[in-house]
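*Asks:* Attaching a predicted model along with its sequence, questions to come.
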Amino acid sequence: MGDNDYQYQKENDGRIVLVGQPNVGKSAVLTSLSGIQTVVSNYAGTSVELLRGELKIAEQRWEIMDTPGLYSLGLAQSEELITRNIVLAEDTLAIINVVDAGNLARNLVLTLELLELGKPMMVLLNQIDRVRSNGVKIDASKLAYFLGCPVYAFSANTGEGVREVLEAVPRMHTFLPLVSNKEVAGTTIPGGVNACVGNCRQCLLTMEKVNEAEEKVRIRNEKARCLAEQVTLRTAEKKPSFLSKLEQLIDHPGWGVLILISLLFSGFKILLEFISWAEDTIGFLFNPLHKVLSQGISWLIPPGFWHDVLSNGIPEGLLVPLALVMPAIFMVSLMMALLEDTGLLARYAVLLERLGRLLGVSGQAAIPLCLGFGCRVPAVVATRVLPSRAQRVIIITLLSIVIPCAATLGMITSVIAVFQVNAIILLLAMISVFLILGFILKLIYGEKGDLIYELPPLRVPRVKNLLTKVKLRFMGFFTEVLPLLIIMSIGVRIILASGWMTQIAGLDSVTRDLFGIPGEAMVAVFLTVIQRYLAPLILLNLTLSPREATIAISMIALSLPCLPVVVMTIREVGSRVLLGIISTGLAVSLLIGFMLNLILT
């Protein structure tokens with residue numbers, strides 16, 4: 001990987017990469033070292049976001065970068081390959097290996113593999129405060145002797161080790177792993193801990209010996225176990241802390257399920273209440289600005305086509321994002337940060353794993369699906385909790401086409417009551433499409449193999465780290481989402497003012513023959529691309545039979561993503577995926593209408 005694959009600031013003195021296994025607290029370490037002023041960027045050619053910060057010490061500056069967690073360089077897959085490419089890059093100056101001190105033996109397996117690369121490196125024993133509270137002591141000096149590189153006791157929560165690490169950074173280029181024969185737990189390790197076992201830097205670059213023999217993997221694991229035993233000492237038995245007791249309760253197969261489901265339901269209710277409050281409050285405050293904008297446009301542009309388009313498109317393009325999208329993104333960003341930093345996210349993945357398996361995704365996919373019944377915009381953002389882009393595409397597609405938001409559910413209920421719609425038919429249609437479409441997406445994007453979950457310890461989140469994550473996820477609203485929504489709102493107004501929808505309404509004979517609904521109801525189906533909950537309003541102003549209303553509301557409930565979801569989908573997975581979702585949604589809606597027209601008498 002060279003400069004064409006990943007661009008970084010050339011004026012820096014070099015790049016330092018944070019590497020570690022999943023859930024070791026790398027992002028918290030980055031925040032502790034570089035402060036809250038961090039930025040996020042996509043790895044070239046992917047949607048994988050990398051957190052970056054800058055260290056300024058004296059007259060020198062270094063870029064410090066977080067990377068996706070991985071267990072092995074040689075066995076890297078999917079997003080883990082990005083970490084491997086960054087670590088092996090020539091312009092990576094040094095490696096900071098972040099280790100979970102509470103799972104030392106398992107984490108040292110990756111440490112030994114990184115040492116084989118021969119790059120300057122230091123090791124951080126993160127969460128050392130939690131280890132000490134459990135009555136365990138780790139001899140960092142002794143571990144440094146065996147590894148041949150500096151080792152620092154570190155805690156992102158208390159700030160322990162931050163000063164020592166920052167003082168060591170200017171000398172990191174000298175921290176080359178030492179090659180020697182060192183006795184670990186009474187056993188001589190041939191060639192030292194950094195002897196090549198078929199996966200050194202040259203082996204990885206030439207893609208030779210990447211698939212290590214089981215014996216070599218066993219040797220590395222045995223070395224890590226011996227090292228951990230040699231440097232770990234249990235000082236005293238201590239009573240379990242409150243967090244430990246709470247963790248045991250949440251991990252209980254019975255009580256834990258009830259607690260996690262209750263938390264999910266509470267979070268869902270809080271999200272809906274906050275969005276409702278923000279929508280009313282911001283809408284009220286926006287009214288004076290709405291009048292000023294309308295008057296300004298009327299003053300600048302004479303009455304006519306463009307006056308009608310801009311006087312409606314610009315105010316609406318501001319009101320919808322500010323009153324609905326912005327509060328939703330903020331609240332979901334906060335909830336996502338809390339789930340990640342408390343360690344609850346992995347527990348939801350385990351709890352809902354069986355549901356996820358039906359769709360070929362991890363259990364935590366249930367979180368954005370549940371959020372979608374409140375508002376699909378934050379649900380699309382929440383798909384970031386999923387471990388791969390393929391899983392995100394599956395869930396975003398289902399959210400866009402099948403899952404109705406709370407406002408749409410309310411309007412659908414009104415249509416059912418007014419026209420005596422067959423609710424069973426509607427429900428069966430939605431469940432069938434969810435299962436069939438989910439199965440097809442699983443065949444296309446689903447990842448084979450068993451999913452292995454690691455439960456991190458329950459933690460009290462740091463406010464500083466929460467603010468960093470919320471800021472990074474929320475600021476994209478102003479730079480990407482808001483401008484796009486304004487432009488697309490104007491585009492929709494152009495379509496409405498052009499009379500294109502009126503022409504569709506004129507195709508009454510065609511829509512009745514194919515779908516069994518009048519042309520005006522077909523207009524409602526296409527209006528779902530603006531806001532799905534607005535489409536049923538058109539039906540409520542028509543005269544429809546129960547059969548016609550059942551078909552029409554089924555086509556609306558299973559149709560196109562609304563405008564805010566369109567914008568968020570472009571931001572999260574790109575325009576190519578969006579085109580596929582729109583094509584699929586249109587096909588599903590038309591097919592449902594056609595089939596119900598044949599089935600219902």
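*Replies:* Noted; the coordinates are in hand. As the structure is a prediction and not an experimental result, all values here were calculated from the model. Residues are numbered from 1 along each chain as shown.
*Asks:* what about residue 167, neighbour count?
*Replies:* When neighbours are defined as other Cβ atoms under 10 Å, residue 167 has 10 of them. Yep, even glycine has a C-beta here, placed from its N, CA and C like the rest.
*Asks:* From residue 420, how far off is it?
*Replies:* 75 Å (Cβ to Cβ, to the nearest Å).
*Asks:* and what of residue 388?
*Replies:* In terms of Cβ to Cβ, residue 388 sits 45 Å off from residue 420.
*Asks:* ok, those two, which is more surrounded?
*Replies:* Neighbours per residue (other Cβ under 10 Å) separate residue 388 from residue 420, with residue 388 holding more: 17 against 13.
*Asks:* The more buried one touches residue 80, doesn't it?
*Replies:* No. The pair residue 388 / residue 80 is not scored as a contact, 10.2 Å apart, by Cβ atoms under 8 Å.
*Asks:* what's the closest non-adjacent residue to the residue positioned nearest the centre of the chain?
*Replies:* Centroid check for the chain by Cα atoms, centre = their mean gives residue 384 as the closest residue, at 0.9 Å. Closest residue in space to residue 384, ignoring its immediate chain neighbours: residue 336 at 6.7 Å, by Cβ to Cβ, 6 or more residues apart in numbering.
*Asks:* For the one you found, grab the count of nearby residues.
*Replies:* 22.
*Asks:* go on, the one 4 residues further on?
*Replies:* The local packing of residue 340 (other Cβ under 10 Å) involves 21 other residues.
*Asks:* now do residue 469
*Replies:* 23.
*Asks:* That one: which element?
*Replies:* Assessed by DSSP states H and E, residue 469 sits inside helix 463-474.
*Asks:* After the helix or strand where residue 293 lies, which helix or strand is next? Please name it.
*Replies:* Using DSSP H and E, residue 293 falls within helix 255-300. Sequence-wise, the next helix or strand downstream of helix 255-300 (DSSP H and E) is helix 305-320.
*Asks:* Now stretch 116-127: buried residues?
*Replies:* Applying a neighbour-count criterion of 16 or more other Cβ atoms under 10 Å, one finds 116-117, 119-127 buried in stretch 116-127.
*Asks:* Go through these and flag which are in strands.
*Replies:* Using DSSP state E, the members of those that fall in strands are 121-126.
*Asks:* Need the residues you listed in TSV (columns: pLDDT).
*Replies:* Formatted as TSV, those follow (pLDDT from 0 to 100):
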residue	pLDDT
121	93
122	93
123	95
124	95
125	94
126	91
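*Asks:* Next, residue 18: phi, psi?
*Replies:* Main-chain torsions, residue 18, degrees, to the nearest 10: phi -90, psi 120.
*Asks:* contacting residues around it?
*Replies:* 26, 29-30, 64-67, 96, 98 (Cβ atoms under 8 Å, 6 or more residues apart in numbering).
*Asks:* Now with 6 Å, please.
*Replies:* Residue 18 makes contact with 26, 30, 66, 96, 98 under the criterion Cβ atoms under 6 Å, 6 or more residues apart in numbering.
*Asks:* For residue 593, state which of the residues you listed is nearest.
*Replies:* residue 66 (47.8 Å; Cβ to Cβ).
*Asks:* Next, the contact list for the closest one, please.
*Replies:* Residue 66 touches 18, 26-27, 30, 51, counting by Cβ under 6 Å, 6+ apart.
*Asks:* What of residue 368?
*Replies:* Neighbours of residue 368 in contact, by Cβ under 6 Å, 6+ apart: 379, 382-383, 395.
*Asks:* and with 7 Å instead?
*Replies:* Residue 368 makes contact with 379, 382-383, 395, 399 under the criterion Cβ atoms under 7 Å, 6 or more residues apart in numbering.
*Asks:* Excluding chain neighbours, give the residue nearest to it in space.
*Replies:* Excluding its sequence neighbours, the residue lying closest to residue 368 (Cβ to Cβ, 6+ apart) is residue 382, at 4.0 Å.
*Asks:* That neighbour and residue 436: what is the separation?
*Replies:* Distance from residue 382 to residue 436, by Cβ to Cβ: 24 Å.
*Asks:* Looking at those two, which has the bigger crowd around it?
*Replies:* More crowded of residue 382 and residue 436, by other Cβ under 10 Å: residue 382, with 27 against 11.
*Asks:* pretty sure that one contacts residue 367?
*Replies:* Yes. Taking Cβ atoms under 7 Å as the definition, residue 382 is a contact partner of residue 367 at 5.9 Å.
*Asks:* just to revisit the earlier point, now go through the contacts of residue 66 and say which are in helices.
*Replies:* 26-27, 30 (DSSP state H).
*Asks:* Of the residues you listed - the most surrounded one?
*Replies:* residue 26 (26 neighbours).
*Asks:* in terms of contact, does that residue touch residue 17 like I think?
*Replies:* No. The pair residue 26 / residue 17 is not scored as a contact, 9.9 Å apart, by Cβ under 7 Å.
*Asks:* so how many other residues sit close to the spatially closest residue to residue 399 that is not a sequence neighbour?
*Replies:* Leaving out its chain neighbours, the residue that sits closest to residue 399 by Cβ to Cβ, 6+ apart is residue 372, at 4.6 Å. Residues lying near residue 372 (other Cβ under 10 Å) number 26.
*Asks:* and if you look at residue 298?
*Replies:* Residues near residue 298, counting by other Cβ under 10 Å: 13.
*Asks:* do you know how far the nearest residue to residue 507 once chain neighbours are set aside is from residue 542?
*Replies:* Nearest residue to residue 507, sequence neighbours excluded (Cβ to Cβ, 6+ apart): residue 519, at 5.2 Å. According to Cβ to Cβ, residue 519 and residue 542 sit 10 Å apart.
*Asks:* go on, residue 379?
*Replies:* 30 Å.
*Asks:* For these two, indicate the residue with more neighbours.
*Replies:* residue 379 (28 against 16).
*Asks:* For my notes, confirm the more buried one occurs in a helix.
*Replies:* Yes. Assessed with DSSP: H, G, I helix; E, B strand; the rest coil, residue 379 lies in a helix.
*Asks:* what's near enough to touch it?
*Replies:* 368, 371-372, 399.
*Asks:* Can you add secondary structure, pLDDT and distance to residue 85 and give these back as CSV?
*Replies:* Listed next are those as CSV, based on DSSP: H, G, I helix; E, B strand; the rest coil; pLDDT from 0 to 100; distance: Cβ to Cβ, whole Å:
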residue, secondary structure, pLDDT, distance to residue 85
368, helix, 85, 28
371, helix, 75, 33
372, helix, 82, 34
399, helix, 92, 31
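*Asks:* what's the farthest-apart pair in those?
*Replies:* 371 and 399 (8.7 Å).
*Asks:* Settle it for me: which of the two has more neighbours?
*Replies:* When residue 371 and residue 399 are compared for neighbours, residue 371 comes out ahead with 30 against 26, by other Cβ under 10 Å.
*Asks:* gap between the closest residue to the more buried one other than its chain neighbours and residue 304?
*Replies:* Closest residue in space to residue 371, ignoring its immediate chain neighbours: residue 379 at 4.0 Å, by Cβ to Cβ, 6+ apart. Counting by Cβ to Cβ, the separation of residue 379 from residue 304 is 40 Å.
*Asks:* Please apply the same query to residue 334.
*Replies:* 45 Å.
*Asks:* Confirm for me that residue 331 is in contact with residue 271.
*Replies:* Yes. At 5.4 Å, residue 331 and residue 271 qualify as touching, with contact defined as Cβ under 7 Å.
*Asks:* what's the overlap in contacts for those two?
*Replies:* residue 378.
*Asks:* which one is residue 401 nearest to, not counting chain neighbours?
*Replies:* Nearest non-adjacent residue to residue 401 (Cβ to Cβ, 6+ apart): residue 585, at 4.5 Å.
*Asks:* cool, and residue 600?
*Replies:* Per Cβ to Cβ, 6+ apart, closest to residue 600 is residue 547, 5.4 Å.
*Asks:* That neighbour against residue 597, yeah?
*Replies:* No. Using Cβ under 7 Å, residue 547 makes no contact with residue 597, being 8.9 Å away.
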